[in-house]
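Engineer: mind looking at a prediction? Sequence and model below.
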Amino acid sequence: MEIRNRFTNEIIVEGKDLQDCIKKRKDLRGAFLGGTFLMDAYLRDANLRDAYLRGANLGGADLRGSDLRGAFLLDADLRGAFLRGAFLRDAYLRGANLGGADLRGSDLRGTFLRDAYLRGANLGGADLRGSDLRGTFLRDAYLRDANLGGSDLGDAYLRGADLRGSDLRGANLRDADLRDANLGGSDLRGRRLEGCILEGCVLEGCKLGGAQT
């Protein structure tokens, strides 16, 4: 088994046991890992910047503090993965399954999460400024104190989500489903709310100055 750099084709990891090799070699920048089975793998603090992980199975993997900036994770399986404090800035996660994942305090600025599945994911305190979350499934997700300023949540499904204290200034929530969501104390100034479904939504203590409805 060998892993090559997707840009230079240089071998960066080789051996019989892929997960064991990865544990020993934490610098996996640009690694080609498309479709790789890494379920429950220990990748804490690993450098996976610009890695190619399309369709990879990382369910339950420990990726706390890992560097996944610019990584290509199209349709990747990250169910229940531990990504607390991970760096995912500008990563491509379209269609990825992050159901129940722990993303507390992670850096998701500019991340492409369109059509991703994040039911029950914990995004408390995460930085999602400028991220693309169009059509994302965020039912019952925990987004308390998350920074969603300038993000695009158009047509996102946020039913039952906890957004208390979140920063949504300048975010687009056009046609988003926020039924039964809790937005108490959140900052909604300058936000687009056209077509937004707010039935049963808690808005107590929200800042609404300049919100477009």
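Structural biologist: That came in fine, so what should we check first?
Engineer: C-alpha only now, for contacts and for neighbours.
Structural biologist: Will do.
Engineer: okay, G34 and A81: tell me how far apart.
Structural biologist: For G34, the distance to A81 equals 17 Å [CA to CA, to the nearest Å].
Engineer: higher neighbour count, the two?
Structural biologist: A81 (25 against 17; other CA atoms under 10 Å).
Engineer: just checking, the more buried one touches D102?
Structural biologist: Yes. Using CA atoms under 8 Å, A81 is in contact with D102, at 6.3 Å.
Engineer: strands of this structure, start to end?
Structural biologist: 2-4, 11-14 (DSSP state E).
Engineer: can you put the ones you listed in a markdown table and add distance to G200, mean pLDDT and mean neighbour count?
Structural biologist: Below are the strands of the chain laid out as a markdown table (distance: least, CA to CA, whole Å; pLDDT from 0 to 100; neighbours: other CA atoms under 10 Å):
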| stretch | distance to G200 | mean pLDDT | mean neighbour count |
| --- | --- | --- | --- |
| strand 2-4 | 50 | 79 | 17 |
| strand 11-14 | 52 | 73 | 16 |
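Engineer: out of the ones you listed, nearest to N182?
Structural biologist: Proximity to N182 (CA to CA) singles out strand 2-4 among these, at 44.7 Å.
Engineer: what about that closest one, distance to the chain center?
Structural biologist: Its chain's C-alpha centre and that of strand 2-4 lie 26 Å apart, by CA atoms, centre = their mean, to the nearest Å.
Engineer: pull up the pairing partners for that strand, direction included.
Structural biologist: Sheet partners assigned to strand 2-4 using DSSP bridges are listed as strand 11-14 (antiparallel).
Engineer: shaky segments in this structure?
Structural biologist: Applying pLDDT under 70 to the chain flags residues 1, 13, 15-26, 191-192, 209-213.
Engineer: how about 80 then?
Structural biologist: Scanning the chain for pLDDT under 80 picks out 1-2, 5, 11-26, 190-193, 208-213.
Engineer: ok, which stretches of the chain are helices?
Structural biologist: Secondary structure of the chain (DSSP state H): helices at 18-24.
Engineer: who's in contact with L158?
Structural biologist: Contact analysis of L158 by CA atoms under 8 Å, 6 or more residues apart in numbering lists F137, L138, R139, D140, A141, A176, D177, L178, R179, A181.
Engineer: want to try TSV for these, with neighbour count and distance to D27 as columns?
Structural biologist: Shown next, in TSV, are the contacts of L158 (neighbours: other CA atoms under 10 Å; distance: CA to CA, whole Å):
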residue	neighbour count	distance to D27
F137	26	32
L138	27	32
R139	24	35
D140	22	35
A141	25	32
A176	23	39
D177	26	40
L178	24	41
R179	19	43
A181	23	40
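Engineer: closest one of the residues you listed to L163?
Structural biologist: Checking the contacts of L158 against L163 with CA to CA, the nearest one is A181 at 7.2 Å.
Engineer: what separates that closest one from I197, distance-wise?
Structural biologist: Applying CA to CA to A181 and I197 gives a distance of 10 Å.
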